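Peer 1: Next input, structure requested:
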Amino acid sequence: GLVLVPTFNFDLRDGDVFDVKRTRSISGALANAAIANQRFVRTSHALHSFAVAGGNAPEFARTHDAPGSFDADSPFGALKERKGVLLAFDLPLNDALTFAHFVEQAVGVPYREHIAFNIHHSDANGRVCERRFTAFVKKFGHTNDFTPLDPLLRKAGALSSGTIDGSQWLRVDLAAAYDVIADDIRLNKARSIHRFSGKLWLRDQMKAVLRTFGYRTRRERMAHAARTP
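Peer 2: Numbers count the residues shown, from 1 in each chain. Sure thing, here's the model as predicted:
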């Protein structure tokens, strides 16, 4: 089997730098421990990489090198096809289920769009070049809210949770979750995973204007500082 640890840097912007071996992740301490551990091989997508351990980890990293974060041949696609399981500790479903964006792209939703990023990329062998990556990002004013999705996943047997040694855990059967999310998009207009807010739309508009002057939010500044080796 394989173990995949999310080592995301989805806050990168066009023209930023990403080094597969050295760029720290904004996904937390476990992610950065995996990056530093020689038993893990990191996939190369600048925004949505994974640290992978297991018998065929190098092959997995080579073959799942799609330019799009949520393409069919990305690690998210492999998780669906291989019936992967998501385990999260002390992390709510809203922050843990990045896999839902893979379903949104596969089925198609009107509130997201493909955005391309040109990244100064250094691979595992030290080769440096400019690479183009894409992500399926939310349009202004839209956000994901998986709260209504929780009971649907549980009813389908795709989600379980509990407590161990004082920590909350979640377990999601991703293949089963795919069907639940896809049905909600097709039959319920994605109401169980998504909402729109005028307040968020205004905030997103203001951020876009400020970013034209090189502004980064406090969270983005902290993430940028954390990535420095």
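Peer 1: Spatially nearest residue to the residue sitting nearest the centre point of the chain (excluding sequence neighbours)?
Peer 2: For the chain, the residue nearest the mean C-alpha position is Thr98 (4.6 Å; Cα atoms, centre = their mean). Distances taken as Cβ to Cβ, 6 or more residues apart in numbering place Pro6 nearest to Thr98, at 6.8 Å, with adjacent residues excluded. Where C-beta positions appear, they are placed from N, C-alpha and C, glycine not excepted.
Peer 1: again, but for Leu170
Peer 2: Nearest non-adjacent residue to Leu170, counting by Cβ to Cβ, 6+ apart: Ala88, 4.4 Å away.
Peer 1: again, but for Leu97
Peer 2: Leu97 sits nearest to Phe146 (Cβ to Cβ, 6+ apart), 5.7 Å away.
Peer 1: doesn't that neighbour fall inside a helix?
Peer 2: No - with DSSP: H, G, I helix; E, B strand; the rest coil as the criterion, Phe146 is located in coil rather than a helix.
Peer 1: residue at max distance from the center of the chain?
Peer 2: The chain, Cα atoms, centre = their mean, max distance from centroid: Asp165 (27.4 Å).
Peer 1: Over to it: give its phi and psi.
Peer 2: Main-chain dihedrals, Asp165, degrees, to the nearest 10: phi 50, psi 40.
Peer 1: one step back: look up how far Arg39 lies from the residue nearest to Leu97.
Peer 2: Phe146 sits 32 Å away from Arg39, taking Cβ to Cβ, to the nearest Å as the criterion.
Peer 1: Have a look at the two and say which one is more surrounded.
Peer 2: Set Phe146 next to Arg39 and count neighbours by other Cβ atoms under 10 Å: Phe146 wins out with 19 against 11.
Peer 1: Now for Leu93, how many residues are close by?
Peer 2: By other Cβ under 10 Å, neighbour count at Leu93 equals 19.
Peer 1: residues contacting it?
Peer 2: Counting by Cβ atoms under 8 Å, 6 or more residues apart in numbering, Leu93 makes contact with 146-147, 149-150, 159, 170, 172.
Peer 1: which one of these is nearest Arg127?
Peer 2: For those, the minimum distance to Arg127 (Cβ to Cβ) is 35.6 Å, reached by Val172.
Peer 1: Please give the element, helix or strand, for the closest one.
Peer 2: Using DSSP states H and E, Val172 maps to strand 167-173.
Peer 1: for that strand, packing partners?
Peer 2: Packing contacts for strand 167-173, counted by 3 or more Cβ pairs under 8 Å, 6 or more residues apart in numbering; DSSP states H and E, involve strand 85-89, helix 93-96, strand 159-164.
Peer 1: can those go into JSON lines with extra columns for mean pLDDT?
Peer 2: Below are the helices and strands packed on strand 167-173 laid out as JSON lines (pLDDT from 0 to 100):
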{"stretch": "strand 85-89", "mean pLDDT": "97"}
{"stretch": "helix 93-96", "mean pLDDT": "96"}
{"stretch": "strand 159-164", "mean pLDDT": "97"}
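Peer 1: looking at these, which is closest to Asp11?
Peer 2: helix 93-96 (14.5 Å).
Peer 1: ok and the very next helix or strand once past the closest one relative to strand 167-173, angle-wise?
Peer 2: Using DSSP H and E, the helix or strand that follows helix 93-96 in sequence is helix 99-107. Put simply, helix 99-107 runs at 20 degrees to strand 167-173, going by axes from the mean of the first three to the mean of the last three Cα atoms, to 10 degrees.
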